[in-house]
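Engineer: Sequence and computational prediction follow.
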Amino acid sequence: GAVVSQHPSRVICKSGTSVKIECRSLDFQATTMFWYRQFPKQSLMLMATSNEGSKATYEQGVEKDKFLINHASLTLSTLTVTSAHPEDSSFYICSVPETYSTDTQYFGPGTRLTVL
Amino acid sequence: TQLLEQSPQFLSIQEGENLTVYCNSSSVFSSLQWYRQEPGEGPVLLVTVVTGGEVKKLKRLTFQFGDARKDSSLHITAAQPGDTGLYLCAGVNNDMRFGAGTRLTVKP
């Protein structure tokens, strides 16, 4: 299967700072990537769909100005958590769908964000 | 409100026991997937079921898709400690929506 990497795997930051998380598709080009958030002992919640060359599509209740998504190339999407607060602490996971089908998605290993 | 309801939420059993995890929804899905997730890692796909009534087996794991394509079950036979993890179902239409998960602990 495809390999998806995320960087960093863990990050601790102070409240008010911004944090950038990278998601890379290592095996194939992806015009679309998905960003999920997972709180402790909870399931994955889709935050937004990252679209190469155009604006991301955000799920209801997700602040687009707080969670900035940039999909600048066919292999890289970034999620920037701006002015992070402790309630933003979570496990952020990206996924890359198989070409021509969103039924199969390859998930990254996740990024654990802790905001102090 | 969760689109997909999973039950039970938590399950702790002894090695060798059998178990069934359920995934229910009022929505019809074009396909349904089961994932297993270890702490601190992304979910790993176990199986995709597409046809109503479909049954798929993966060693000791048996997956079934409901006839109406609204629900699914995962049955594990003779559970082992290595089966411990979070099991997630995900319904697929134009996007993918996850259930809350079942956290399974298998004690040796």
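Structural biologist: In hand now; what should we look at?
Engineer: what's next to stretch B:32-39, contact-wise?
Structural biologist: A:103, B:23, B:43-49, B:63, B:65, B:69, B:72, B:74, B:85-92, B:96, B:98, B:101 (CB atoms under 8 Å, 6 or more residues apart in numbering or on different chains). (Each C-beta comes from the backbone N, C-alpha and C, glycine too.)
Engineer: at 6 Å what do you get?
Structural biologist: With contacts defined as CB atoms under 6 Å, 6 or more residues apart in numbering or on different chains, stretch B:32-39 is touched by B:43-49, B:63, B:65, B:72, B:74, B:85-91.
Engineer: Give me the buried entries from the residues you listed.
Structural biologist: Neighbour-count burial (16 or more other CB atoms under 10 Å in any protein chain shown) is assigned, among these, to B:43, B:45-49, B:63, B:65, B:72, B:74, B:85-91.
Engineer: Could you list which of those belong to strands?
Structural biologist: B:45-49, B:63, B:65, B:72, B:74, B:85-91 (DSSP state E).
Engineer: Pull the number of nearby residues for residue 34.
Structural biologist: Looking at chain A here, since you left the chain open. 24 (other CB atoms under 10 Å in any protein chain shown).
Engineer: The intended chain is chain B.
Structural biologist: By other CB under 10 Å, 24 other residues sit near B:Trp34.
Engineer: Spatially nearest residue to it (excluding sequence neighbours)?
Structural biologist: Closest residue to B:Trp34 apart from its sequence neighbours, by CB to CB, 6 or more residues apart in numbering or on different chains: B:Leu46 at 4.5 Å.
Engineer: since we're on the closest residue to A:Leu74 other than its chain neighbours, how many residues are nearby?
Structural biologist: Distances taken as CB to CB, 6+ apart place A:Gln29 nearest to A:Leu74, at 3.7 Å, with adjacent residues excluded. A:Gln29 has 11 neighbouring residues, counting by other CB under 10 Å.
Engineer: secondary structure class for A:Gln29?
Structural biologist: Assigned by DSSP: H, G, I helix; E, B strand; the rest coil, the conformation of A:Gln29 is coil.
Engineer: hang on, isn't it packed against A:Ser77?
Structural biologist: No - counting by CB atoms under 6 Å, A:Gln29 does not reach A:Ser77; the two are 11.9 Å apart.
Engineer: Tell me where the model's unsure across the chain.
Structural biologist: Just so you know, I chose chain A. Applying pLDDT under 70 to chain A picks out residues A:1-2, A:100-102.
Engineer: switch to chain B, that's the one I care about
Structural biologist: Applying pLDDT under 70 to chain B picks out residues B:1-2.
Engineer: Close to chain A: what parts of it are there?
Structural biologist: Within chain B, the positions adjacent to chain A are B:31, B:41-43, B:92, B:98, B:100-101 by CB under 6 Å from any CB of the partner chain.
Engineer: at 7 Å instead, please
Structural biologist: Applying CB under 7 Å from any CB of the partner chain, we find that chain B lies next to chain A at B:31, B:40-43, B:48, B:88, B:92, B:95-96, B:98-101.
Engineer: Show me the two of those residues that sit farthest apart.
Structural biologist: B:Ser31 and B:Gly40 (27.6 Å; CB to CB).
Engineer: Of those two, which one has the most company?
Structural biologist: Counting neighbours by other CB under 10 Å for B:Ser31 and for B:Gly40 shows that B:Ser31 has the greater number, 18 against 11.
Engineer: Contacts only, for the residue in chain B that chain A sits nearest to.
Structural biologist: The nearest approach of chain B to chain A comes at B:Gly42, 3.6 Å away (CB to the nearest CB). If you count contacts by CB atoms under 7 Å, 6 or more residues apart in numbering or on different chains, B:Gly42 has them with A:93, A:107-110.
Engineer: Alright, calling it a day.
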